[in-house]
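Participant: Fold the following for me, if possible:
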Amino acid sequence: MIKKFIKISGTGKFSNYSHSAIQHPYRSNDFEKFNLIYGENGSGKTTLSLILRSLKGDNAILNKKRHFDRTIPQNIEVLTTNQIPPKYTFMNNLWDRHYNDIEIFDIHFINDNIYTGLEIQNTHKKNLLEVIFGQPGIILKNEIKELKNEIKDKNDIIRLKTEAIETLINKTYTADAYCSIAIDPEIDNKILNKTNEINTAKNYQNIQLKPSLVDLPLFSLPYDKTFALSCLQKSLDNIKEKYLSIINVRKESLKMEGKEETWMKQGYKAIKDDTCPFCLRLFDDDSEIIEAYSQYFNEEYNTLLDDISLLNKNIESYNVEIELLKIESVIQKNLLLVEFWENNISNPPLILSITCKKEELISAFERLKKAFKEKLQNPIEAGSIEEFNCFNTIIENVNFGLTHYNIQLNEYNQRIAVIKTENNPNINNLEVELNKLIAIKNRGNSTESTLCSELSAAKVDSGNLNIVKTNKQEQLDNYSISVFSNYSAKINMYLRSFASYLEIRNLDSGYVGSSKEPMIKYLLSIDGNEIKFDDNDTHPTFKYSLSEGDKSALALAFFLAKLEVDGNIQNKIIV
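Facilitator: Presented below is the predicted three-dimensional model:
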């Protein structure tokens with residue numbers, strides 16, 4: 001208990017009070033169990049109660065009660081019966097320690113906890129809850145408040161991380177859905193395909209008008225291979241050896257640079273009336289040269305010669321470069337078409353120029369022409385087929401490549417046909433799908449990965465805190481049931497003594513709106529009639545239904561009930 005105020009300076013009415021400076025018999029004795037302090041208004045009674053309120057645990061309140069002359073230092077010393085140490089000192093705006101077992105009923109208790117003037121406000125209900133709860137309840141309430149603050153902080157982090165993630169991915173997914181997405185190894189192909197779909201959609205009208213790719217023409221030959229080969233390989237074996245020798249000797253003697261046989265045939269055809277077309281001399285009946293000509297230039301020879309001549313004519317008129325140009329022209333046309341189509345359909349056929357084959361083809365063709373010319377100059381001998389086979393092999397190889405390309409081209413054209421028949425797609429939907437794919441691709445980036453990890457951690461922390469808060473709230477609820485039941489009975493017991501027509505009902509606690517702190521809830525009745533705490537035109541209200549004495553009786557009933565419910569009253573200082 002408190003024995004005496006040793007010193008009070010710079011506080012309220014006390015500019016420089018010292019117990020030892022007051023002469024006997026005016027100096028007071030030490031306080032006893034019950035003490036009455038009285039005096040005129042303004043003599044310092046309220047100041048003493050504020051000093052004790054500050055001593056209980058509120059350092060700041062004394063600064064509001066400074067002496068008007070602020071040059072006087074604020075210093076207070078209170079002597080108690082405590083053993084170690086007995087003196088409590090206030091200096092430099094702080095108590096060296098607090099004395100918790102002090103309960104004070106004054107205007108501040110009423111104003112802070114019960115009502116102010118004519119009103120009971122939510123602030124009063126919050127503060128009164130602490131009065132009723134006592135220290136165990138206050139500890140639980142504060143722990144719950146702290147947990148709510150921590151949960152709010154975690155939820156703020158969750159909100160900020162969620163906003164950051166959803167902003168980063170253009171809101172293509174919710175943050176929770178995005179963070180649960182696994183890495184997709186095929187994502188690049190999916191993005192490419194979706195990009196092509198978008199290009200297709202944007203080019204819908206152009207797609208309808210744009211032609212498909214064109215088949216490449218194959219190399220044609222200036223002859224039928226079987227027939228040409230037969231002519232080239234054919235020899236005339238029905239001429240007697242004797243006459244063949246005569247013809248060969250004659251040919252060798254003419255020295256006409258390969259035109260001997262042609263000249264001889266022309267001369268033979270020019271014979272009329274068995275007369276030489278050159279000297280006009282009649283032939284002898286037994287002339288061997290004429291018989292040799294007759295056998296050599298027979299019908300079979302003439303037929304073969306005609307065939308070889310026709311082949312030579314066709315070959316001479318055949319232009320390899322023009323054939324190459326025809327194919328290359330189609331290739332270039334397809335290359336331009338592919339530039340358009342590959343923006344809409346992936347994996348177009350690989351188109352390669354065949355100009356690289358030009359020199360090889362021309363060279364082989366020239367050798368082929370030479371082989372047929374040689375056959376024309378000497379029809380009865382079988383010609384070489386080496387250059388014929390070489391040229392045909394090159395043509396076959398080129399045509400094989402062109403055919404393989406046309407197969408790929410036809411497959412690609414089928415895909416073109418499919419998108420031409422599709423309805424005009426929704427570009428907005430496709431772009432949303434593309435953004436989703438891009439977001440999936442970026443899921444493994446350090447920024448997105450870190451944000452998801454932080455969001456997950458904050459959610460785990462928030463969940464754990466909510467579990468702890470729920471447990472604490474259950475403890476407080478259970479504690480409240482016991483406290484409110486006992487407290488309500490005690491208040492009404494005192495009210496029956498002070499103002500029997502007043503009664504407290506349904507004493508409880510709860511949260512109002514978004515408040516993080518609970519407040520007291522109760523009904524107040526006068527003679528069984530409920531009193532409203534807010535202004536109300538149709539019901540009796542606290543402001544107009546209670547006298548000042550009624551309100552004081554209500555406040556004192558709350559205070560006395562607190563003392564009794566708290567227990568340990570024998571160790572408390574009650575003011």
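Participant: Show me what the helix ranked longest in the chain is packed against.
Facilitator: Taking DSSP state H as the criterion, the chain has its longest helix at helix 446-498. Helices and strands touching helix 446-498, by 3 or more Cβ pairs under 8 Å, 6 or more residues apart in numbering; DSSP states H and E, are helix 122-168, helix 175-179, strand 502-510, helix 548-566. (Glycine included, C-beta is placed from N, CA and C.)
Participant: got the angle for whichever helix or strand comes after the third one vs strand 502-510?
Facilitator: The one in question is strand 502-510. Going down the chain from strand 502-510, the next helix or strand is strand 519-526, by DSSP states H and E. Orientation of strand 519-526 against strand 502-510 (axes from the mean of the first three to the mean of the last three Cα atoms, to 10 degrees) gives an angle of 160 degrees.
Participant: List the buried residues in strand 519-526.
Facilitator: For strand 519-526, burial by neighbour count (16 or more other Cβ atoms under 10 Å) applies to 519-520, 522, 524.
Participant: Each with direction, which strands does the helix or strand just after that strand pair with?
Facilitator: Counting by DSSP H and E, the next helix or strand C-terminal to strand 519-526 is strand 529-531. Paired strands of strand 529-531, with direction, are strand 519-526 (antiparallel) (DSSP bridges).
Participant: for the partner strand, the distance to its chain's centre please.
Facilitator: Strand 519-526 sits 53 Å away from the centroid of its parent chain (Cα atoms, centre = their mean, to the nearest Å).
Participant: do the same with stretch 491-502
Facilitator: Averaging C-alpha positions (Cα atoms, centre = their mean) puts stretch 491-502 66 Å from its chain's average.
Participant: and the helices and strands packed on helix 446-498 as TSV, adding mean neighbour count, distance to Ile427 and mean pLDDT?
Facilitator: Formatted as TSV, the helices and strands packed on helix 446-498 follow (neighbours: other Cβ atoms under 10 Å; distance: least, Cβ to Cβ, whole Å; pLDDT from 0 to 100):
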stretch	mean neighbour count	distance to Ile427	mean pLDDT
helix 122-168	17	23	81
helix 175-179	18	23	91
strand 502-510	17	54	79
helix 548-566	18	71	83
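Participant: hmm, back to that, let me see the mean pLDDT of the longest helix of the chain.
Facilitator: Throughout helix 446-498, pLDDT has a mean value of 86.
Participant: ditto for stretch 107-121
Facilitator: pLDDT averaged over stretch 107-121 gives 69.
Participant: which stretches of the stretch 151-300 of the chain form helices?
Facilitator: Along the stretch 151-300 of the chain, the segments classed as helices by DSSP state H, counting those that start in this stretch run 175-179, 187-202, 204-209, 225-233, 241-254, 260-269, 288-296, 299-317.
Participant: buried ones in the third one?
Facilitator: The one in question is helix 204-209. 204, 207.
Participant: Give the other helices and strands that it contacts.
Facilitator: So helix 204-209, by 3+ Cβ pairs under 8 Å, 6+ apart, packs with helix 386-421.
Participant: Please enumerate residues in contact with the helix or strand immediately after the helix it packs on in the chain?
Facilitator: Sequence order places helix 427-441 as the next helix or strand after helix 386-421, per DSSP H and E. With Cβ atoms under 8 Å, 6 or more residues apart in numbering as the test, helix 427-441 has contacts from 169-170, 172-173, 178, 181, 184, 187-188, 190-191, 194-195, 197-198, 201-202.
Participant: try 10 Å
Facilitator: 165-166, 168-173, 178, 181-184, 187-195, 197-202, 204, 426, 448 (Cβ atoms under 10 Å, 6 or more residues apart in numbering).
Participant: Make TSV out of the buried residues of strand 519-526 and add pLDDT and distance to Phe542.
Facilitator: Listed next are the buried residues of strand 519-526 as TSV, based on pLDDT from 0 to 100; distance: Cβ to Cβ, whole Å:
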residue	pLDDT	distance to Phe542
Met519	73	16
Ile520	71	14
Tyr522	76	12
Leu524	82	7
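Participant: Now those in CSV, please, with extra columns for distance to Lys459.
Facilitator: CSV is the format used below for the buried residues of strand 519-526 (distance: Cβ to Cβ, whole Å):
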residue, distance to Lys459
Met519, 30
Ile520, 34
Tyr522, 38
Leu524, 44
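Participant: Gly444 contacts Thr450, correct?
Facilitator: No. Here Gly444 lies out of contact with Thr450, judged by Cβ atoms under 10 Å, at a distance of 11.4 Å.
Participant: Make CSV out of the helices and strands packed on helix 446-498 and add distance to Asn410.
Facilitator: Formatted as CSV, those follow (distance: least, Cβ to Cβ, whole Å):
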stretch, distance to Asn410
helix 122-168, 45
helix 175-179, 43
strand 502-510, 78
helix 548-566, 95
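Participant: can you tell me how far Tyr494 sits from Ile157?
Facilitator: Distance, Tyr494 to Ile157, by Cβ to Cβ, to the nearest Å: 49 Å.
Participant: mind listing the strands for the stretch 1-150 of the chain?
Facilitator: 2-11, 14-18, 75-80, 87-91, 94-95, 102-103 (DSSP state E, counting those that start in this stretch).
Participant: which one of those lies closest to Tyr318?
Facilitator: Closest of these to Tyr318 is strand 94-95, at 116.0 Å (criterion: Cβ to Cβ).
Participant: Report the mean per-residue pLDDT for the closest one.
Facilitator: The model assigns strand 94-95 a mean pLDDT of 93.
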